[in-house]
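K.L.:
the following comprises the amino acid sequence and a computationally predicted model.
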Amino acid sequence: MWCIISDLDGTLLDNNQRISKDVISRIQSFERAGGKFTFATGRSLDSVLPYINEVGITTPVILYNGAMIYEPMASEFIYARFLESNEINDIVSLFLKIRNQYNVSLLAFDHEGAYFLEESTYIHQQLIKDSITAQYTTIDELLTKQLVKIMLIGNQQEIHELKMIYSIFTPINSEPELLEFIATGVNKGEAVKVLMQHLEIPTHKLVAVGDNENDIEMIQTAGLGISVKNAIPNLKAVSHYVTQKTNNEQALIEVIEKIQATNLLSINEHGGVRS
């Protein structure tokens, strides 16, 4: 049994945050043939549920860049790693020091929802993009919550600078405009190992697909790591195969077709089959 785990934004989703009917049909055909398919994303459960329902996902889904795994059939979390209180305090304290210098906004998540400290265009745009709601909270209230992820949102240049300022916390970019903080040692690669053990499928039978920095560990963990054509160079460099199609060109169909056509023979990073 083979399992495909795909990132959402920039990989399975097109730039309008949609999954085409053709892609859904091909995924469902893959599963009817005996495969498993699921997501690994930085998004929250509320943001991902519509896609779970649309595609008909029954295999557990990796959320928050590996901090949680959700079992859709039982409607429960089967794995969770939260930020430590001292990590939350330090991240928020530094944000309070730099927010007058940088035009960035903070969005935080626990297992119940999302929270912001002040409204902004960045917050508004992110909530629309992810199709979620968030509620205002004070700093004192935020520091009492059991958070799974903290996100800073801004323009690409400022987020790049803040990544260096926050380097001690090893933040990740799921997109150039987002800087995300999860518990130390948590990433999609570690979550994939947990999920594969839960499914009793060896990682050499895992095909992982992604496009950005937060997919690197997952790609490296998989027996076959694939990056889509629009992926960042660093991800392509560690991938076994790079698709000839982008996320807007239904790259996941190419992935499934390549797997079926080659019977998972070794595939090189430039779109050909190794002899």
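P.N.:
Happy to help now that I have it. Numbering: from 1, shown residues only.

K.L.:
quick check: domain ranges of this structure?
P.N.:
Here the domain parsing of the chain from automatic domain parsing is 3-80+186-262, 85-181.

K.L.:
mean pLDDT and mean neighbour count added to those domains, as CSV?
P.N.:
Using the backbone N, CA and C atoms, a C-beta is placed for each residue, glycine as well. Listed next are the domains of the chain as CSV, based on pLDDT from 0 to 100; neighbours: other CB atoms under 10 Å:
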stretch, mean pLDDT, mean neighbour count
domain 3-80+186-262, 96, 20
domain 85-181, 95, 17
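
K.L.:
nearest residue to H160 other than its sequence neighbours?
P.N.:
Distance criterion CB to CB, 6 or more residues apart in numbering; nearest residue to H160, sequence neighbours excluded, is P176 at 7.7 Å.

K.L.:
contact partners for that neighbour?
P.N.:
Q156, I159, H160 (CB atoms under 8 Å, 6 or more residues apart in numbering).

K.L.:
again, but for D90
P.N.:
So D90 contacts F169 (CB under 8 Å, 6+ apart).

K.L.:
a helix runs through it, doesn't it?
P.N.:
Yes: counting by DSSP: H, G, I helix; E, B strand; the rest coil, D90 is found in a helix.

K.L.:
so V209: helix, strand or coil?
P.N.:
Assignment for V209 (three-state DSSP): strand.

K.L.:
so it versus F82, what's the distance?
P.N.:
27 Å (CB to CB, to the nearest Å).

K.L.:
ok, now D9?
P.N.:
The value you get for D9 to F82, if CB to CB is used, is 23 Å.

K.L.:
and L199, by the same measure?
P.N.:
Counting by CB to CB, the gap from L199 to F82 is 24 Å.

K.L.:
and what of D46?
P.N.:
From D46 to F82 the distance is 17 Å (CB to CB).
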